[in-house]
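Peer 1: need coordinates for the below:
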Amino acid sequence: MIFILDSKPSIANQFISELRDVNIQQDRLRFRRNMERLGEILAYELSKSLHYEKEAVETPLGVAHSALTNDRIVIATILRAGLSMHKGLQNYFDRADNAFISAYRKHHKDGTFEIALDYVSCPELTDCTLIISDPMLATGASMDITIQELRKYGIPKHTHIVTAIASKAGLAFIEQQHPSAHIWVGSLDEELTAKSYIVPGLGDAGDLAFGPKLQD
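Peer 2: Just a heads-up that it's a prediction; the model follows:
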C-alpha cells in the first residue's frame, strides 16, 4: 500500500513547500520543525491502519469505551537525516520502542557510491509493527539494505516506511523488493539526477537539519 500525503490538498502542503524552499531552508530550526510536523501528520495517517480493540476506561463519572491499539510499535530511523521525522513519529507513538541505524552513501572517486552501514541499535522485532523513517527515498538502496539489516533482529508483523520526499524510481524499487511494506510519502517527485539525487527534491536533509558534514 502506498499513501501520498499531498495527493489531496491540506495544511501539510505548506510544511512540504517550506521544506523545499531554498530561502526558508536557511532556518535550521524551522526546517527541523517542519520535518517533525510532517512526521506527526504521517503518524496520524498511519495510525488508521493499526489493529484496535475496545477497552474500558474509568472516568470520574463512569466508564467510557475506547478503541485502542495494542500493536507493539518500534520506530526505526536512518541516522542522521531521519532524526527530526523520528521525533514527529515518536510524539504520536509515545510508547514505542526505538531503533537506530546508520546507512549512508560512501562515495568513490569515479563518481559511484555504495551504501555503508556503521551502527545498529535495535530491540527484538519479531511480530512488531516496524516503522522506518527516512526523509528522502531516492534510489531506495539505503532503505532496502536497512530493512535487510533490521530483519536480523526478528521478522516484523508489519513494516511501514515513512518518508518526506520520494522519487518514482525509488518508490518502484522498494515496492518491488518489499511488496508487503506500507509506504507513507509526503510528496512524490519524478526525477533522479545522474548522481541519484531527487529533482526537484529539497537538497540534503541531514545537512539542512544539522549542518554540513566533512566529505570523505
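Peer 1: for residue 170, give me its contacts.
Peer 2: With contact taken as C-beta atoms under 8 Å, 6 or more residues apart in numbering, residue 170 is in contact with 137, 138, 139, 140, 143, 192, 198. The way it works is simple: take the backbone N, C-alpha and C, and place the C-beta from them, glycine included.
Peer 1: residue 48: neighbour count?
Peer 2: 8 (other C-beta atoms under 10 Å).
Peer 1: swap in the one 3 residues further on?
Peer 2: Other residues near residue 51 number 11, with proximity taken as other C-beta under 10 Å.
Peer 1: and residue 196, what pLDDT?
Peer 2: Per-residue pLDDT puts residue 196 at 83.
Peer 1: kindly report the same for residue 34.
Peer 2: 97.
Peer 1: check which helix or strand covers the residue lying closest to it once chain neighbours are set aside.
Peer 2: In space, residue 34 comes closest to residue 15 once its chain neighbours are excluded; the distance is 4.5 Å by C-beta to C-beta, 6 or more residues apart in numbering. Under the criterion of DSSP states H and E, residue 15 resides in helix 12-20.
Peer 1: now do that helix, average pLDDT.
Peer 2: 97.
Peer 1: so which elements touch it?
Peer 2: helix 28-47, strand 158-167, strand 182-189 (3 or more C-beta pairs under 8 Å, 6 or more residues apart in numbering; DSSP states H and E).
Peer 1: just the ones you listed: most buried one?
Peer 2: Comparing those by mean neighbour count (mean count of other C-beta atoms under 10 Å), strand 158-167 comes out on top with a mean of 25.
Peer 1: phi first, then psi, for residue 198.
Peer 2: phi -70, psi 140 (degrees, to the nearest 10).
Peer 1: ugh, wrong one, residue 94
Peer 2: phi -80, psi -10.
Peer 1: next: the one 4 residues further on.
Peer 2: Dihedral angles phi and psi of residue 98 (degrees, to the nearest 10) take the values phi -130, psi 150.
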